[in-house]
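In: Below is the structure, and that's it, no one-letter string:
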């Protein structure tokens, strides 16, 4: 009787997105698809409002409830949980709670998808959250996956070209010490969806032909989750970035349409 090797464990600390396109739902589907044992701790509940142009309805999870989830997860998998992906936090209190939990153990990989703005939050609250994320989570990260807007914010510069995106990746690495996959996606002009990887030594432009000209829900979450899964399985950071790019491109090609004015990535597209 053969004994199978247990899968790597990957934790996503993220928000719930009810339609399944993004957030913890996308993370779990990505982890499963890529062969890791996925678990989540929820930070907030996001539900699009079809009566208000599909803007976000945002409800934070109480900080003590987040702490309880993480206590359970970290106790249950003590000694085998080494890889975590951070998605939407939503409030400074959540960030403080998550940062404290992260500091309570050693990690091989902390992948930060720096979700800075959630439509529906008050601007002042969103700014406070952004500043808390930069101060308390960015320094803990080993890998960061900002989108175009987030890269501009974290780097403090405008991004119009691939060269700009590369410069932003350098700035973010200098600020964090983490490997950076800065996502241009469909936001940059040209026929290709371009992302830039930089880890302090290696800079590589990852480029694939664009699949449409509109962003797809769940692409950013799934990219970061795919990086997380590949790192957990032992891939080097650059190889994890390359594989994640391929995974997301396939998912965008197989995207799911709905009554919402946006499509959602399907993690099963790689098959």
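Out: Okay, I see it. None of these values were measured; they are calculated from a predicted model. Numbering: from 1, shown residues only.
In: And residue 66, how far from residue 105?
Out: Applying C-beta to C-beta, to the nearest Å, the value for residue 66 to residue 105 is 16 Å. Placement of C-beta: from N, CA and C, glycine included.
In: Neighbour count for the two, which is higher?
Out: residue 66 (24 against 12; other C-beta atoms under 10 Å).
In: Can you list the low-confidence ranges for the stretch 101-250 of the chain?
Out: 117-125 (pLDDT under 70).
In: Now the residue positioned nearest the centre of the chain. Nearest residue, chain neighbours left out?
Out: Nearest residue to the geometric centre of the chain (C-alpha atoms, centre = their mean): residue 113, 3.3 Å. With sequence-adjacent residues excluded and distances taken as C-beta to C-beta, 6 or more residues apart in numbering, residue 113 is closest to residue 224, at 3.8 Å.
In: Secondary structure element for the one you found, which one?
Out: Assigned by DSSP states H and E, residue 224 belongs to helix 219-232.
In: which strand is the longest one in the protein?
Out: Across the chain, the longest stretch assigned as strand under DSSP state E is strand 37-49.
In: Need the mean per-residue confidence for that one.
Out: Strand 37-49 shows a mean pLDDT of 96.
In: counting contacts, what elements does it pack onto?
Out: Judged by 3 or more C-beta pairs under 8 Å, 6 or more residues apart in numbering; DSSP states H and E, strand 37-49 is in contact with strand 9-17, helix 23-33, strand 55-60, helix 63-76, helix 92-102.
In: wait, is residue 146 part of a helix?
Out: No: assigned with DSSP: H, G, I helix; E, B strand; the rest coil, residue 146 falls outside any helix and is coil.
In: can you tell me which residues contact it?
Out: Each residue near residue 146 by C-beta atoms under 8 Å, 6 or more residues apart in numbering is listed here: 114, 153, 154, 168, 172, 180, 182, 183.
In: What's the local residue count around the fourth one?
Out: Yep, that's residue 168 we're talking about. Residue 168 has 27 neighbours, counted by other C-beta under 10 Å.
In: who touches it in this structure?
Out: So residue 168 contacts 146, 151, 152, 154, 155, 157, 159, 182, 196 (C-beta under 8 Å, 6+ apart).
In: Check which helix or strand it maps to.
Out: Per DSSP H and E: helix 162-176 holds residue 168.
In: Equivalent analysis for the third one, please.
Out: Under the criterion of DSSP H and E, residue 154 resides in helix 148-155.
In: Show me what that helix is packed up against.
Out: For helix 148-155, the packing partners by 3+ C-beta pairs under 8 Å, 6+ apart come out as helix 162-176, strand 179-185.
In: what comes up buried for that helix?
Out: Buried positions in helix 148-155, judged by neighbour count with 16 or more other C-beta atoms under 10 Å: 148, 150, 151, 152, 153, 154, 155.
In: and if you look at stretch 232-244?
Out: Neighbour-count burial for stretch 232-244 flags 232, 233, 235, 237, 238, 240, 241, 242, 243, 244 (criterion: 16+ other C-beta under 10 Å).
In: chain center to it, what's the gap?
Out: When distances are taken as C-alpha atoms, centre = their mean, to the nearest Å, stretch 232-244 is centred 14 Å away from the chain's centroid.
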